[in-house]
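**Q** model this:
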Amino acid sequence: MADVISKEDLQLIPNERYILRRIIELRQTKPGSWRQLAVQLGADSSQLRRWHKEGLAIIAKAKDPAP
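**A** Numbering: from 1, shown residues only. Next up is the predicted model:
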């Protein structure tokens, strides 16, 4: 099971990358397939997966910056 991302964590994604924040939020609040989410957002499901991964990487980097 995936970790739950808090609202505070989502705020670590810059405003200009809002779509990344939205994808992560939707994946947590409305479980379903990538295809269903792609239809809802009008985007390609493989692109949504890449954006989701990118958003999680931004959060991880912001929470644990390298020394």
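
**Q** Next one: E25 from A66, what distance?
**A** 26 Å (C-beta to C-beta, to the nearest Å). C-beta coordinates here come from the backbone N, C-alpha and C atoms, glycine included.

**Q** Check which helix or strand the most centrally placed residue in the chain maps to.
**A** Nearest to the mean C-alpha position of the chain, counting by C-alpha atoms, centre = their mean, stands I24 at 2.7 Å. If you go by DSSP states H and E, I24 is part of helix 18-29.

**Q** Pull that helix out as PDB, backbone CA atoms only.
**A** Coordinates of each C-alpha in helix 18-29 appear next as PDB, following Å, rounded to 0.1, in the frame of the first residue of the first chain:
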ATOM      1  CA  TYR A  18      -0.100  22.400 -10.000                       C
ATOM      2  CA  ILE A  19      -1.000  19.500 -12.300                       C
ATOM      3  CA  LEU A  20       1.400  17.200 -10.400                       C
ATOM      4  CA  ARG A  21      -0.200  18.100  -7.100                       C
ATOM      5  CA  ARG A  22      -3.600  17.500  -8.600                       C
ATOM      6  CA  ILE A  23      -2.700  14.100 -10.000                       C
ATOM      7  CA  ILE A  24      -1.300  12.900  -6.700                       C
ATOM      8  CA  GLU A  25      -4.300  14.200  -4.800                       C
ATOM      9  CA  LEU A  26      -6.800  12.500  -7.200                       C
ATOM     10  CA  ARG A  27      -4.900   9.200  -7.000                       C
ATOM     11  CA  GLN A  28      -5.300   9.200  -3.200                       C
ATOM     12  CA  THR A  29      -8.900  10.400  -2.900                       C
END
